[in-house]
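> mind folding the following:
(chains A and B)
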Amino acid sequence: MRDLRLALRAGGGFGLGLAFFLILAVLVPLGVGPEPEVLARIAPGVLWVGALLACLLSLDRIFALDYEDGSLDLLATAPLPLEAVVAIKALAHWITTGLPLVLVSPVLGLLLFLPGAAYGWLIVALLLGTPALSMIGAFGAALTVGVKRGGLLLSLLVLPMYVPTLVFGAELVSRGAQGLSVGTPLALLAGITAGAAAILPFAAALVLRINLR
Amino acid sequence: MVSIWQYANPLRFMRTTDWLLPIVAWLAVAVTAVGLIWGFFFTPDDFRQGATVKIIFLHVPSALMAINAWIMMLVASLIWLIRRHHVSALAAKAAAPVGVVMTLIGLITGAVWGQPMWGTWWAGDPRLTSFLILFLFYLGYIALWAAIEDPDTAADLTAVLCLVGSVFALLSRYAAFFWSQGLHQGASLSLAPGTRVDWAYKAPLYISMTGFGLIFVALVLAGTRTEIRARRMKALVARERMA
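Numbers count the residues shown, from 1 in each chain, chains lettered A, B, ... in the order given. The predicted structure is shown next:
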């Protein structure tokens, strides 16, 4: 099963989300204006929205290829439970998409004049929040795996579910930036990720079985 | 004893709704008309809000039904997933467009009221935002129904989406309350004593809430009947082709 991750990593377009994230961080100051105070205020939100959208780009790849060439059927009948397959695939998606986003986010924070106190919390927030994005996205991808050109539908389904993660994640960073206490959003963000990781593999596996019928 | 399990048989469902639907539909029209006409023409103007207060007779019932429609879809989806109750799945499908329209009415009437009262059409308010998010959930649900051809697969997938979506819609609601302090007033109606709305408004409001509920039931019944007929037609066409 571990070689699946390798396969996903080798698959092209893994830098695409990163490039998108970078472009967004370049475009926002161009659209909003270069005043550091304004940018510093909106930076946590912009970075989070950017992470959300960058994550969305590669979601449909989680199951689509395996569905088309039939290897998903093999995985479904393999001794490993499908729930575990889903969880590993979500993890692979996170490693190829979420983790790079976390790593480059401080650089992009620099572009957006993110206050110094916020960098640590930005990394913590993204590190905690992006796994939930991958997991929710895997559920969405499982739902739409049978739909041809389901990308738009996928984003319509997945983006509303990203709202709680976005709210708590961005709140965590902006509280960190202002030096306020961050305990509440931190706990809530971690709670969402833990809940998503605990429940959604089952929902996604259920949905995949329905789609493979 | 009448139970919903009897109506898993579409034939029986059709037979009952044959006579039930016109009754519910006309009752819905009558009750809503009474509620709205009473509300619009026979209530006094509020001393601060003037005549704009009367939009409450549209806003509150539609917002109420927007949420209740989702809850009904949730229950119907559960019934379908657990007991393969076909009519239940179709009822959930029929409820979604009604719910989306109710959400839209709630949002629009709220904006129309908010413009003179709050001085703004829209505010970054948790109630407003979570309603908009509910609207998006409805759209996703309807789009998923439309995207998948096989009806049973579509019913299964949308049911799971409804369950998972409910969790996230609820989370979003609390996230929205965390995100910003509200401009929207708290619940004006409550069963607890010491309520703040005078009976002159409350009576027509309750009537139009009942009316909207009946409208919802009537539209869902009609929509479910349409779905059943559409399925029957598809089966007939398929049979023709086989012959």
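> what's the local residue count around the nearest residue to A:Pro100 once chain neighbours are set aside?
Nearest residue to A:Pro100 in three dimensions, chain neighbours excluded: A:Leu18, at 5.1 Å (Cβ to Cβ, 6 or more residues apart in numbering or on different chains). All C-beta spots, glycine's among them, are computed from the backbone N, C-alpha and C. A:Leu18 is flanked by 17 other residues according to other Cβ atoms under 10 Å in any protein chain shown.
> give me the phi and psi for the most far-flung residue of chain A relative to its centre.
Farthest-out residue of chain A from its mean C-alpha position, per Cα atoms, centre = their mean: A:Glu35, at 29.1 Å. A:Glu35 has phi and psi values of phi -60, psi 120 when expressed as degrees, to the nearest 10.
> from A:Leu112, how far out is it?
Using Cβ to Cβ, to the nearest Å, A:Glu35 is found at 12 Å from A:Leu112.
> please apply the same query to B:Phe216.
B:Phe216 sits 46 Å away from A:Leu112, going by Cβ to Cβ.
> can you tell me the helix or strand for residue 38?
All of this is about chain A. helix A:36-57 (DSSP states H and E).
> hmm, no, I was thinking of chain B.
With DSSP H and E as criterion, B:Trp38 is part of helix B:10-41.
> mind checking how far the residue nearest to A:Pro100 is from chain B?
27 Å (Cβ to the nearest Cβ, to the nearest Å).
> surely that residue meets A:Leu101?
Yes - counting by Cβ atoms under 8 Å, A:Leu101 is a contact partner of A:Leu18 at 6.9 Å.
> can you pull the residues that touch both of the two?
Counting by Cβ atoms under 8 Å, 6 or more residues apart in numbering or on different chains, the common neighbours of A:Leu18 and A:Leu101 are A:Ala54.
> if we can go back for a sec, in terms of secondary structure, what does the helix or strand just after the helix holding B:Trp38 contact?
Downstream of helix B:10-41, the next assigned helix or strand under DSSP H and E is helix B:56-83. In terms of contacts (3 or more Cβ pairs under 8 Å, 6 or more residues apart in numbering or on different chains; DSSP states H and E), helix B:56-83 is packed against helix B:10-41, helix B:86-118, helix B:126-147, helix B:151-179, helix B:199-242.
> would you list the ones you listed in TSV and tack on distance to A:Met161 and mean neighbour count?
TSV is the format used below for those (distance: least, Cβ to Cβ, whole Å; neighbours: other Cβ atoms under 10 Å in any protein chain shown):
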stretch	distance to A:Met161	mean neighbour count
helix B:10-41	33	16
helix B:86-118	17	21
helix B:126-147	8	21
helix B:151-179	4	21
helix B:199-242	25	17
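> out of those helices, which gets nearest to A:Ile42?
The closest of the helices and strands packed on helix B:56-83 to A:Ile42 is helix B:151-179. By Cβ to Cβ, the value is 14.6 Å.
> ok, back up a step: can you redo the helices and strands packed on helix B:56-83 as JSON lines with distance to A:Leu52?
As requested, the helices and strands packed on helix B:56-83 are arranged in JSON lines below (distance: least, Cβ to Cβ, whole Å):
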{"stretch": "helix B:10-41", "distance to A:Leu52": "41"}
{"stretch": "helix B:86-118", "distance to A:Leu52": "23"}
{"stretch": "helix B:126-147", "distance to A:Leu52": "14"}
{"stretch": "helix B:151-179", "distance to A:Leu52": "14"}
{"stretch": "helix B:199-242", "distance to A:Leu52": "34"}
